[in-house]
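Engineer: show me how the following folds:
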Amino acid sequence: MTAPELVPIAEAARRLGVSPDTVRRRLKRGELEGEQHPTAQGFTWLVVMPSGSGSSEAAPAQVLGGQSTATEEGTATAELWRLLEDERAEVVAAKDAMITRLADEVTYLRERFDQRGLELELRSRELAAERERADVIQQLALQRIEALTATVTDQREDALTAAPEAPGHDKGSSKGDPSSWLSTVLRKVRGER
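Structural biologist: The predicted model follows:
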């Protein structure tokens, strides 16, 4: 039989396929043997391992009464832990990538929303200004129509109520006068000759 080997807790954990905390608990409970050795920073634990245990080469299966040894179980457990840790790392990386992608998408959508909101606000202001201009133009047109209508009405009334020609005026001399021409037309319209 070979002499036992003293290894640090981290190495013992690797060889046994468990976490360093599990090795510490096993040392405390007496399930593993270990010794404290002084270092420059204080004491450190070294775990007693049989030489050749937990090596990277596959150990031959040792069967005692139909059961596998603890070393084989530790190796299988360690492999499962590594697989789970790899899978967890992949899931975390995928989650982080998804969070980053979604955050970028939210930022893009917020910017588009803000931009579209500004565009709509500007368009709304432009439409309000156009409506106001149209209202002003309509008011001015109505005022102009009223003024023109009033002027035409006044002219008609003046023409209708105009006195017959003043004495001493010659009908022949009024041919060039526009007011006499209008009077003549109005009299014809009224039925006077």
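Engineer: what count of nearby residues applies to residue 6?
Structural biologist: When counting by other C-beta atoms under 10 Å, one arrives at 16 neighbours for residue 6. Yep, even glycine has a C-beta here, placed from its N, CA and C like the rest.
Engineer: helix/strand/coil for it?
Structural biologist: With DSSP: H, G, I helix; E, B strand; the rest coil as the basis, residue 6 sits in strand.
Engineer: that one against residue 32, yeah?
Structural biologist: No: the criterion here is C-beta atoms under 8 Å, and residue 6 misses it with residue 32 at 11.8 Å.
Engineer: show me where pLDDT drops low in this protein?
Structural biologist: For the chain, residues meeting the criterion pLDDT under 70 lie at 1-2, 51-74, 162-179, 193.
Engineer: go with 80
Structural biologist: Scanning the chain for pLDDT under 80 picks out the ranges 1-4, 50-78, 152-182, 191-193.
Engineer: which residue ranges of it form strands?
Structural biologist: Here the chain has its strands, by DSSP state E, at 4-8, 34-39, 42-50, 63-64, 67-68.
Engineer: now the first one: buried residues?
Structural biologist: In other words, strand 4-8. Judged by neighbour count (16 or more other C-beta atoms under 10 Å), strand 4-8 contains these buried residues: 5-7.
Engineer: with the longest one instead?
Structural biologist: In terms of neighbour count (16+ other C-beta under 10 Å), strand 42-50 has its buried residues at 45-47, 49.
Engineer: the protein: helices as residue ranges?
Structural biologist: With helices called from DSSP state H, the chain shows them at 9-16, 20-29, 70-161, 178-190.
Engineer: and those: which comes nearest residue 39?
Structural biologist: The closest of those to residue 39 is helix 9-16. By C-beta to C-beta, the value is 12.9 Å.
Engineer: got the buried residues for the closest one?
Structural biologist: 9, 11-16.
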